[in-house]
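# Quick one, fold the following:
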Amino acid sequence: MRIEEIVVGQLDVNCFVVSEETSSAAVVIDPGDEGERIAGLLDGKGLTPHYFVFTHAHYDHVCAAAELKARYGGRIVMHEDEKETYRMTKELCISWGFGEEDFPPADMIVRDGDEVALGGLAFRVIHTPGHTSGGICLYGGGVLFTGDTLFKGSAGRTDLHGGDRNMLLTSLRKLASLPPDTTVLCGHGDKTTIAEELKHNPFLGGGRFRMMP
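Residues are numbered from 1 along each chain as shown. Modelled structure (predicted):
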């Protein structure tokens, strides 16, 4: 598995481009902004995205999806419970000057336990509500993409629409059951492992409580 990372937008979202070493097909996770830069990475690596996966539908994770979909084709993937968050994001961004066409509907609705498969790669969808109602993580090949559910040493905020602290804690317990050597690639900030978070993250072990945006 080949993983490319590009940090985009004002909130420094980690957008991940995942592919097999021997294939040009790719999955783009959280195409949040700066579509031209993401396209430059794709073209530079000779990759064509087949899926654009939203770990959740806050604006900083979705705003380049339409531009990239128009350029390459591919399917937008989102959890069934994230439709309301996506609608609210669309309304907010239209008020900022975006167009209706910048927020196409999802082509593929997923649920807990579904798979996003591409060639020899397969990622299990883990529904992790708490930051938003339809937040998801993707797990496969010893790697976990967590969006804004789990960060290095912290977790996503729960004070926005659809947020729920108790649900987030339940979701984090679900992630804590994954193999300790799982690499965790977060929606913002540095990568980590499940073992490190069990040891240091206040939501999963000890330490002082804090949250990230």
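
# Give me the three-state assignment for the residue nearest the centre of the chain.
Geometric centre of the chain, nearest residue: T55, 3.1 Å, by C-alpha atoms, centre = their mean. Here T55 is recorded as coil under DSSP: H, G, I helix; E, B strand; the rest coil.

# For beta bridges, what are the partners of the nearest residue to it once chain neighbours are set aside?
Spatial nearest neighbour of T55, excluding adjacent residues (C-beta to C-beta, 6 or more residues apart in numbering): G147 at 2.6 Å. Just so you know, the C-beta spots here come from the backbone N, C-alpha and C atoms, and that holds for glycine as well. Counting by DSSP bridges, G147 forms beta bridges with C186.

# Run a quick neighbour tally on G147.
The tally of other residues near G147 (other C-beta atoms under 10 Å) stands at 28.

# One more: the one 5 residues further on?
By the measure other C-beta under 10 Å, the count of residues near K152 is 18.

# show me what contacts it?
Residues near K152 by C-beta atoms under 8 Å, 6 or more residues apart in numbering: 184, 186, 189-192, 196-197, 201.

# go on, G156?
The neighbourhood of G156, defined by C-beta under 8 Å, 6+ apart, consists of 130-131, 135, 147-150, 163, 168, 187, 211-212.

# Now the buried members of those.
Among the contacts of G156, those buried by neighbour count (16 or more other C-beta atoms under 10 Å) are 130-131, 135, 147-150, 163, 168, 187, 211-212.

# got CSV for those residues, with pLDDT and distance to F98 too?
Output for the buried ones among the contacts of G156, formatted as CSV (pLDDT from 0 to 100; distance: C-beta to C-beta, whole Å):
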residue, pLDDT, distance to F98
G130, 96, 27
H131, 97, 22
G135, 98, 22
G147, 98, 21
D148, 97, 21
T149, 98, 26
L150, 97, 29
G163, 93, 23
L168, 95, 28
G187, 97, 21
M211, 40, 28
M212, 41, 25
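
# Can you get me a residue count around S19?
Quick note: S19 (other C-beta under 10 Å) scores 25 neighbours.

# I'd like the distance from whichever strand or helix holds P49 to the chain centre, please.
Element membership of P49 [criterion: DSSP states H and E] is strand 48-53. Offset of strand 48-53 from its chain centre (C-alpha atoms, centre = their mean, to the nearest Å): 13 Å.

# Output it as PDB, nothing but the C-alphas.
Written as PDB, here are the backbone C-alpha positions of strand 48-53 (Å, rounded to 0.1, in the frame of the first residue of the first chain):
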ATOM      1  CA  THR A  48      -6.600   8.300 -10.900                       C
ATOM      2  CA  PRO A  49      -9.000   8.500  -8.000                       C
ATOM      3  CA  HIS A  50     -11.900   6.000  -8.000                       C
ATOM      4  CA  TYR A  51     -13.300   7.100  -4.600                       C
ATOM      5  CA  PHE A  52     -13.400  10.300  -2.600                       C
ATOM      6  CA  VAL A  53     -14.100   9.300   1.000                       C
END
